[in-house]
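>>> Have a look at this prediction, sequence included:
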Amino acid sequence: MPRKGQVLSPEAIAKMKLSKINRMLAKYNWDIATDYLDVKIDNGKRNRQKEFITLADFRAMLENGETFSSMREKGISKHLLQFFSNLLQNKINLPKDKFIEEYNSGMSLDDISDRYNVTREDMIFLRQMYECGAKGAKFQHRKLTEVPLTQRQKEIVYGSLMGDAKKCSPSSVGFGHCIEQKDYVLWLFEEMKTVASINSLKEITQFDERYQTSRVSCRFYTHANTDLENIIAEFYKDGIKKVSSEILSKLTPLSIAVWYMDDGVTDFNYRNISKYETDCSPTYMFCTQSFSKEECEMICSWFFDVYGISAGLTEKMSKGGIKYMVTIDKKSNASFVDLISSFILPVFRYKIDYNDYMKHRGVESYFLLIPELRKCPLGSEFLNSDISLQDKYVNGFVKYYHGKSFDKILPKPSRHRKEVNQVMSYDSDKLLKNEGIAFSNVGNGFLTAFFPHFWSAKAKANLSPKEVFNNAGYLSEIIRELILENKFPMSKRILRKLKRYRGNKSVSGFMPVVAKAIYDKYCKEDSRVIDFCAGYGGRLFGAFASKKVKSYTGIEINFDSYASLQKLYHSLTVLTNENKEVNLYSQDSILGMKMFADQSFDFCFTSPPYFDAEEYSKDESQSSSKFPRYSEWFEGFFIQSFKEACRVSKVVAINIENTGSYKIADDFEKYLVENNFSFIKDFIKFPKYGGGIKQGPVFVVESVI
C-alpha cells in the first residue's frame with residue numbers, strides 16, 4: 001500500500017492493478033468451470049433487462065482488470081456475478097450428476113436448495129449451467145404420485161416397442177392398430193391402464209392418399225412415466241428406434257409374443273399344394289424392415305443364444321432399398337410356437353394355428369378340399385381312376401382357384417436378385433453368334449410380375465388369359481390337361497397354359513436379354529436411347545442391363561403400363577445398386593417425342609403396336625382406336641412416329657411384323673426403299689407355337705433430317 005501523500009508512478013499503479021487481478025483470479029477454482037465456460041445462462045423474465053455473460057466472459061473481464069462494481073455498471077446481473085463467485089470458491093457443493101438425480105426424482109428447486117444449503121437464486125443459475133430443462137409443478141406432482149410399471153407391464157412395453165408401439169414423448173408410449181385388431185388394443189389398454197390415459201382410447205379415421213380410401217384405427221397412449229422414460233431412452237438413444245443387446249436381454253417369452261402379435265407374419269404355405277403332405281410347414285417372420293441388417297443379425301444370434309431357436313434373414317424390397325425380415329428356421333418352428341403360444345390372444349391365433357389361419361383368410365369354404373386335392377393322382381393313374389373321382393378332383397381345383405380369384409395367383413415382383421442378375425450378366429454374344437438374333441426368355445418371369453394388366457390384354461378375336469381363367473369349363477380343361485401330363489396343377493403352370501389355350505393367341509412382351517443384345521449390337525458407348533412405345537418393360541430392362549446404354553427414355557400412352565414401368569425401374573435400381581438414368585413419360589408417342597430437340601438421342605429402339613392385332617386396354621388411347629382404318633393408322637401413327645423418331649435420334653431400330661392380312665413389315669420396307677432410307681434388315685428368331693422358328697424383322701435405319 002502507498003504511504004499517505006506518496007505519488008505512484010504509472011508503472012507502479014499498473015503493477016498493483018495486476019497484483020490485485022492475480023489475487024482475485026487465484027482465489028477462484030477454475031477447474032470447476034472447465035466444462036461450463038461457454039454455457040449461456042438466462043435468469044428469465046424477472047431480470048430480462050440485465051445482461052448475462054458466460055463463465056468465459058467473466059474470466060476475460062477479470063483478466064482485463066474489471067471489478068464487480070465495473071461489471072455491474074455495464075449492466076451485468078449482480079446475482080449472476082455472485083453465483084460465479086460462489087461457484088468458483090467451492091461454496092456450492094452440488095455436482096451435476098447429483099443435481100440431475102435429485103431434480104429428476106421430482107424434488108423442487110426449493111427442496112434441493114434447503115437440502116444442500118444453496119441459495120434459491122443460485123439454484124436457478126445452477127440448473128441452467130447443468131443444462132437441465134425446467135420442470136414445473138406438474139412434473140413434480142407426477143414424480144410424487146406416479147405408479148411404477150409392474151414387471152409384466154415392462155415386458156409388454158419392451159415387446160410392443162420392438163413392434164408397432166411408438167414414442168409419443170420422452171416419457172410416453174403410443175399403441176395403435178387397425179380396427180380389425182381392436183380387441184388387441186383393448187387388451188393392451190387393460191394391461192397398461194394404471195399408466196394409460198382413458199381419454200386417449202379412441203377410434204381414428206384417416207384418409208389414405210395412396211389408395212384413396214379411409215382407414216380406421218384404434219389407439220391410446222400412456223401418461224408420462226419414469227419407467228417408460230427409461231425404456232424409451234434405451235430404444236431412442238439417437239432419436240431413432242434401434243435395437244441393442246441390452247434391450248434384447250430384457251425380452252421375455254411374453255415380450256416376444258407381444259412383438260409377434262404386433263409385427264409377426266405367418267405363411268402356412270398353403271399355396272404350395274404340389275407337395276403330398278397333410279401337415280403344413282409354416283414360415284414365421286418378424287417385420288424388422290425398420291432395423292438395420294446388423295440389428296437383424298443381432299436378433300438372430302440372440303434367439304439362438306438364449307432360446308436355442310435358429311433364425312435367418314429374408315430380403316425384402318422397399319422404397320428405401322433392400323430390407324430384412326427375421327425368419328425362424330423351420331427346424332425351430334415347434335420351439336418358437338411353444339415359446340409364445342400361451343400368450344397369443346384369440347384374435348391372433350391365426351398366426352400360429354393353421355385352421356384359424358384359413359378362417360382368417362376367409363377361404364375355409366373351399367380350402368377344406370385341399371387335403372384331398374393333395375392326393376390327386378397324376379398321369380395314367382388319374383386316367384385309370386373312376387370318372388366321377390376325376391371330376392371331383394378337377395372341380396375341386398376349379399373351385400379352389402376361382403375362390404382365390406385370378407389376381408391372387410398372379411406372380412408377384414421377385415424379391416431376389418437371381419433373375420435380375422441373370423439378365424444383367426447375360427452374354428449377348430450367345431444370341432448374336434449366327435445370322436440374326438436368337439431368342440431367349442431369361443428374365444421374362446421377373447418382368448411380367450410388374451405388369452398384372454398384361455393378363456387382361458388379348459390378341460384380335462381371341463380371349464385374354466384372364467377371360468380363359470374365369471371360364472369354369474376352360475379352366476377345367478386346362479387343369480385336366482396338366483394332370484394328364486403328370487404335372488400337379490400349380491398356379492404358375494396354369495398361367496402358362498392360359499396363354500395358349502386351344503391355340504388361343506395371347507399378347508407378348510419384348511424379351512429383356514434380346515433387347516440387351518440389340519443394344520449391344522447397334523449402340524455405341526454411352527448411347528442415349530429413346531423408346532416411343534415402352535410397353536411391358538423388356539426394352540427398359542435390356543437398356544438397364546446393357547453397358548453401352550447411358551440413358552433410357554421411355555414414352556408410354558397406357559397409364560397402367562407407365563406406372564408399372566416406374567415400379568420396374570425402381571426395383572432394378574434397388575436390386576442392382578445401380579442408378580442408370582431412366583426417364584419415363586405417360587404420353588402419346590408423337591407428342592412425347594416433340595418434347596425433344598433434333599438428334600437428342602443416339603439410338604431409338606421400339607416395337608410398336610401391330611395396328612389392331614392386339615387389344616391392350618378398353619380406353620381410346622390405343623393407336624388403332626384413334627386410327628381405325630389400316631391406311632390411316634399406317635400413315636397417321638406409324639409413319640409419323642417413325643419420322644419423329646428419325647428427327648430426335650441418329651439411328652432408329654423398329655421391330656415390326658406382318659400380321660394377318662396387314663403386311664405392316666412389307667409396307668414399311670417399301671416406304672423405306674421409296675424414300676431412299678439407308679437401312680439394315682435384321683431378324684429376331686422366335687419359336688413358333690407348335691414347333692419351328694419364325695423371323696421377326698428389325699429395321700435399323702440411319703436417320704436423315
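Structure received. Everything quoted here is computed from the prediction, not taken from an experiment. Numbering: from 1, shown residues only.

>>> neighbours of residue 389, just the number please.
Residues lying near residue 389 (other Cβ atoms under 10 Å) number 12. The C-beta positions use only the backbone N, C-alpha and C, and glycine is treated the same way.

>>> Hmm, I typed the wrong one, I wanted residue 391.
12.

>>> Which of the helices or strands spans it?
helix 387-404 (DSSP states H and E).

>>> And residue 299, how close does it get to residue 557?
47 Å (Cβ to Cβ, to the nearest Å).

>>> who's more crowded, those two?
Regarding residue 299 and residue 557, a neighbour count based on other Cβ under 10 Å identifies residue 557 as having more, with 24 against 20.

>>> Please name the residues that touch the more buried one.
Residue 557 makes contacts with 586, 587, 588, 589, 621, 622, as judged by Cβ atoms under 8 Å, 6 or more residues apart in numbering.

>>> From residue 660, how far off is it?
Taking Cβ to Cβ, one finds residue 557 at 23 Å from residue 660.

>>> What of residue 317?
Distance from residue 317 to residue 660, by Cβ to Cβ: 41 Å.

>>> Tell me which of these two has more neighbours.
Legend: neighbour count by other Cβ under 10 Å for residue 317 and residue 660, higher for residue 317 (18 against 13).

>>> circling back to that earlier point, only the buried subset of the contacts of residue 557, as a PyMOL command please.
The buried residues among the contacts of residue 557 can be selected in PyMOL (16 or more other Cβ atoms under 10 Å) with this line:
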select buried, resi 586+587+588+589+622
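
>>> What about the contacts of residue 557, which are in strands?
Nothing among those maps onto strands, per DSSP state E.

>>> out of the contacts of residue 557, which one sits closest to residue 51?
residue 586 (63.1 Å; Cβ to Cβ).

>>> ok, the residue nearest to the closest one when sequence neighbours are not counted - how many residues close by?
Closest residue to residue 586 apart from its sequence neighbours, by Cβ to Cβ, 6 or more residues apart in numbering: residue 562 at 4.0 Å. Counted by other Cβ under 10 Å, the residues lying close to residue 562 total 17.

>>> Give me the domain ranges for the protein.
For the chain, automatic domain parsing gives the domain ranges 10-136, 146-242, 262-362, 363-404+463-504, 512-702.

>>> Columns distance to residue 450 on top of those domains, output as TSV?
Output for the domains of the chain, formatted as TSV (distance: least, Cβ to Cβ, whole Å):
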stretch	distance to residue 450
domain 10-136	51
domain 146-242	18
domain 262-362	12
domain 363-404+463-504	15
domain 512-702	5
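
>>> Could you name the stretch from those that's closest to residue 449?
domain 512-702 (9.3 Å).

>>> Can you give me the first-to-last residue distance of that closest one?
24 Å (Cα to Cα, to the nearest Å).

>>> Please state the offset of it from the chain centre?
Chain-centre distance of domain 512-702: 32 Å, with Cα atoms, centre = their mean, to the nearest Å.

>>> same thing with stretch 120-127?
Its chain's C-alpha centre and that of stretch 120-127 lie 49 Å apart, by Cα atoms, centre = their mean.

>>> Distance-wise, check residue 201 relative to residue 220.
Counting by Cβ to Cβ - residue 201 and residue 220 are separated by 4 Å.

>>> what's the answer for residue 699, then?
As for residue 699, its distance to residue 220 is 67 Å (criterion: Cβ to Cβ).

>>> same question, residue 542
Noted for residue 542: a distance of 53 Å to residue 220, by Cβ to Cβ.
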